[in-house]
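Peer 1: Prediction below, plus the sequence it came from.
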Amino acid sequence: MRTRRLRVGAVALAAMAATLLVACGQKKDVAPADTTGSEVVAKVNGDELTAGQLQIALQKQRGMRPDAGDAAAKQVLDQLIDEQIVAQKAIAAKLDKDPKVVAQIESARRDILARRFLESAAETAGKPGDDAVRKFYDSRPALFAQRKVYTLQRVDIQAPDDRRTEVDAHVQSLKSAAELADWLKSQKLAFTTRQEQDAAEQLPPVVLDKVAAMKEGQSVVVPSQTGVAALTLISSASAPKSLDDARPAIEQFLANQGRREVIMDLQKTIRDGAKVEYQGRFAALPSAGGTGALPAPASSPALSAVPAASNAAAAASQTSPTQK
């Protein structure tokens, strides 16, 4: 009698796609082939949960260390068991035959296949050489050789799009943050003020280029989530990073970049070689070309661009709402 093996993820029904991916095309009288991680870790009403399934679930747990002990793994296993029980009930209710569920399963299956194919191709990207690492290091002095830690006064202004140019002009013309606050009050523009301390890598590249060129007391306006932000440089402290110190982060960044380029080139090659025929209402629309099926690899944390307000030192960050 064939044993059903369901791969259960965060959502019980949609996550059954992994199981269908394995089972697709198998005859009922043929047992699934043994694979790495096939050790049975639990049985739920006769259905088996394997070490491989548990490992996938563990990898999805945010904040869990790779060397988490058996107690932590047992908690995740209990979650898998709960999901398996619910999935069994769903199958008993024939929800696996529901057209919407079938479509979700097929979508998840397609996504898993596409991602794994591209990930396999990305693994062929070579390690960046010493020359590439040195070139990257030399091309970004503000991040490395001339790296600084900046103390900034940040004024977040809730400015509508049609007033951003006006706000920018006033920030450049006013001589102090106090004058800016008075002007914003007179214009009935809501704002908040805080002081923050950011290392070079904590600033978005475009913002870093501007801040690095500023003298103490100078200000610059940058886009923000609420409108615009006026950044005034209070002080800066030199904190250079040597090539040896920066090398691991640069190598990781360039490796990610190389994998991303391999994926993009492969996607273009595959798309160019595919026969695509738009149907129905899409037939008359211009083609936008292929889009990536797999998100680009994340940048190294040491080089990633984050909002200017984030990661500021807690002791130096103080927010005080200012009334209109």
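Peer 2: Great, that's in hand.
Peer 1: alpha carbons only for contacts and neighbour counts from here, please
Peer 2: Will do.
Peer 1: now the stretch 151-300 of the chain, which segments are flagged as low pLDDT?
Peer 2: Scanning the stretch 151-300 of the chain for pLDDT under 70 picks out 288-300.
Peer 1: swap the cut-off to 80 and go again
Peer 2: Judged by pLDDT under 80, the stretch 151-300 of the chain has its weakly predicted residues at 172-177, 226, 287-300.
Peer 1: Show me where it has its strands.
Peer 2: For the stretch 151-300 of the chain, the strands defined by DSSP state E, counting those that start in this stretch cover 191-199, 219-224, 227-238.
Peer 1: Dump the ones you listed into TSV; add mean neighbour count and distance to residue 105 as well.
Peer 2: Output for the strands of the stretch 151-300 of the chain, formatted as TSV (neighbours: other C-alpha atoms under 10 Å; distance: least, C-alpha to C-alpha, whole Å):
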stretch	mean neighbour count	distance to residue 105
strand 191-199	21	45
strand 219-224	19	39
strand 227-238	19	41
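Peer 1: For residue 140, find the nearest of the ones you listed.
Peer 2: Closest to residue 140 of the strands of the stretch 151-300 of the chain is strand 191-199 (C-alpha to C-alpha; 14.2 Å).
Peer 1: Check which helices and strands that closest one sits against.
Peer 2: Applying 3 or more C-alpha pairs under 8 Å, 6 or more residues apart in numbering; DSSP states H and E, one finds that strand 191-199 contacts strand 148-157, strand 318-322.
Peer 1: how does this protein divide into domains?
Peer 2: As assigned by automatic domain parsing, the chain contains the domains 14-116, 145-241+306-322.
Peer 1: Roughly how far does residue 127 sit from residue 121?
Peer 2: Going from residue 127 to residue 121 by C-alpha to C-alpha, to the nearest Å gives 14 Å.
Peer 1: ok, back up a step: switch the strands of the stretch 151-300 of the chain over to TSV; also include distance to residue 70.
Peer 2: Output for the strands of the stretch 151-300 of the chain, formatted as TSV (distance: least, C-alpha to C-alpha, whole Å):
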stretch	distance to residue 70
strand 191-199	39
strand 219-224	44
strand 227-238	46
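Peer 1: looking at these, which is closest to residue 84?
Peer 2: strand 219-224 (44.3 Å).
Peer 1: Does the closest one pack against any helices or strands, and if so which?
Peer 2: helix 164-173, helix 205-212, strand 227-238.
Peer 1: which residues are contacting it?
Peer 2: 156, 168, 171-172, 207, 210-211, 228-233 (C-alpha atoms under 8 Å, 6 or more residues apart in numbering).
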